[in-house]
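J.: What follows is a predicted protein model with its sequence.
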Amino acid sequence: MATIEKIILSNLINNEEYSRKVLPFLKSEYFQSRKDRIVFRMVMDYIIKYNSSPTKESLIISLSERDDMTQDEHDECESVIEEVSDIDTEHDSNWLTDKTEAFCKDKAIYNAILDSIHILDGKDKNKSKNAIPTILSDALSVSFDAHVGHDYIEDVDERYDFYHKVEERIPFDLDYFNKITNGGTPNKSLNIIMAGTGVGKSMFMCHHAAACLSQNQNVLYITCEMAEERIAERIDANLMDIPLDDLKELPKDLYDKKFERVMKNVKGKLIVKEYPTASASVVHFKHLLEELKMKKKFMPDIIFIDYLNICSSSRMKMGAAVNSYSYVKSIAEEIRGLAVEYNVPIWSATQTNRSGYSNSDVGLENTSESFGLPATADFMVALITTDDLNELGQVLVKQLKNRYSDTLMNRKFVIGCDRPKMRFYNVEDTAQAGLVNTGQVPTTTDDTFGVGFDGKNFDDDFKSKFDRKFTEWKI
């Protein structure tokens, strides 16, 4: 009776359609016997090299040319080739694919358990116990991806449904941020706040984390800059409506009452995890996510990383051979990959460069260290402050990059800033005068009129100037 291993080998040789479908997911370690593993590797090498399935004769010839096995092993492998070549391959395609997928899953889990035992017994000197969750998780995630791309002609109905599908987003409690993102940030996205030192990058992320928590979202806040307790302190000030300095003077019983009041309206969870500066990469973040999933049954709906430039890359080491552009771009790509893999939006921050620190109109060119960061991000805004804005308790927000909407719509706007309570808030629409329409359509700065002209949306004062000039020109 043919085993599933023999049926798989037989169809790899005799069923080209099947081999192309399953070969990317098969591994030699899934086959139990050495002779089956050798034959599988020969079949795989042949298909990769010649882009077609091997014949029985070609495998036997390749086998005879090998000098890395004994005569007994050679005879055993030849008998396997003879056996699998004669097995009936008339199986239902869906059934065979499903059985092969189940075989791969079972073998992956079995091998992962064996590897974990070897690690626990100290037989694997290259891996620590911390690697076990990742090994098991990778094994459990083995599956065949049957999707081969979007067919423009055949998938027209799916495309139409996609256009009208309401995408899941995590909204803001700040109106203009919802306007420029069409209702919030979607999953699988990397979103960046850029500002100079002390302007409010961490404050914004703490505020948004508190807002997400109030919406009953599970929040993971990773900090590479401040202590875990400092981040939690800022979120306390925000949610409890208490100035940061007053928290230290608050009696324990009053603190408990305020915290209980907050918890009555909050159903989500917040986890704050600190890593040393420049030492944590996506590998550490994945390990943390798996540990939280196993130990606390916690899966975040949104992740904050404070902040991207002081993380490390898992793919390259900073040094003489790696410049800051490539290094920071690598970090950004890895973090965005993390967002895609775990299906969450990720928020992080970056500094402005020296010229951007005192600039009242920050642009993408003011990104510090690497222009590869804005090239990778889905959404990027700058927080800008001036002495006048500080007196008003406001911060100017400027869109720099936006894959969710048109960056020319509401390109600039202001939000209120309550620094003692670590909170941002909506301001009256009158505060946006002359800002939110900036850049929405091409404008002329011709001083003939004394003000910019957008071609259709101008106020009465502007209209009177316009009419007078046209009268003067006798138009």
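T.: Cool, the structure landed. It should be emphasised that the depicted structure is a prediction, and the values quoted were computed from it without experimental measurement.

J.: report the longest helix in the chain, please.
T.: Longest helix in the chain, counting residues (DSSP state H): helix 93-120.

J.: for the stretch 301-450 of the chain, which spans come out with low pLDDT?
T.: The stretch 301-450 of the chain contains residues with pLDDT under 70 at 319-320, 436-450.

J.: The same query, at a cut-off of 90, please.
T.: Applying pLDDT under 90 to the stretch 301-450 of the chain flags the ranges 306-307, 313-327, 353-372, 386-388, 405-410, 429-450.

J.: Need the phi and psi values for Arg315.
T.: Phi and psi for Arg315, reported as degrees, to the nearest 10, are phi -100, psi -30.

J.: ok, the closest residue to it other than its chain neighbours - contacts?
T.: In this structure, Arg315 finds its nearest non-sequential neighbour in Ser330, 5.4 Å apart by CB to CB, 6 or more residues apart in numbering. C-beta: built from backbone N, CA, C; applies to glycine. Counting by CB atoms under 8 Å, 6 or more residues apart in numbering, Ser330 makes contact with Ser313, Arg315, Met316, Gly372.

J.: Quick one: classify Ser330 as helix, strand or coil.
T.: helix (DSSP: H, G, I helix; E, B strand; the rest coil).

J.: and if you look at Val397?
T.: Quick answer, by three-state DSSP: Val397 is strand.

J.: I'd assumed Lys412 was in contact with it.
T.: Yes: Val397 is within contact range of Lys412, at 6.9 Å (criterion: CB atoms under 8 Å).

J.: neighbour count winner among the two?
T.: Val397 (24 against 20; other CB atoms under 10 Å).

J.: residues in contact with that one?
T.: Val397 makes contacts with Tyr176, Phe177, Val381, Ala382, Leu383, Ile384, Lys412, Phe413, Val414, Ile415, as judged by CB under 8 Å, 6+ apart.

J.: So the fifth one sits against Leu396, correct?
T.: Okay, so that is Leu383. Yes: Leu383 is within contact range of Leu396, at 7.4 Å (criterion: CB under 8 Å).

J.: can you give me the mean pLDDT across the longest helix of the chain?
T.: Helix 93-120 carries an average pLDDT of 89.

J.: Any buried residues in it, and which?
T.: 96-97, 100-101, 103-105, 107-108, 112, 115-116, 119 (16 or more other CB atoms under 10 Å).

J.: ok, back up a step: out of the contacts of Ser330, name the ones that lie in helices.
T.: Counting by DSSP H, the contacts of Ser330 place Gly372 in helices.

J.: Which one of the contacts of Ser330 sits in the busiest neighbourhood?
T.: Tallying neighbours with other CB under 10 Å puts Ser313 at the head of those, with 21 neighbours.

J.: residue boundaries of the strands in the stretch 151-300 of the chain?
T.: 169-170, 185-186, 189-195, 219-223, 270-274 (DSSP state E, counting those that start in this stretch).

J.: Switch those strands over to CSV; also include mean neighbour count, mean pLDDT and distance to Asp138.
T.: Listed next are the strands of the stretch 151-300 of the chain as CSV, based on neighbours: other CB atoms under 10 Å; pLDDT from 0 to 100; distance: least, CB to CB, whole Å:
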stretch, mean neighbour count, mean pLDDT, distance to Asp138
strand 169-170, 20, 92, 28
strand 185-186, 22, 94, 27
strand 189-195, 26, 94, 23
strand 219-223, 25, 95, 21
strand 270-274, 19, 94, 22
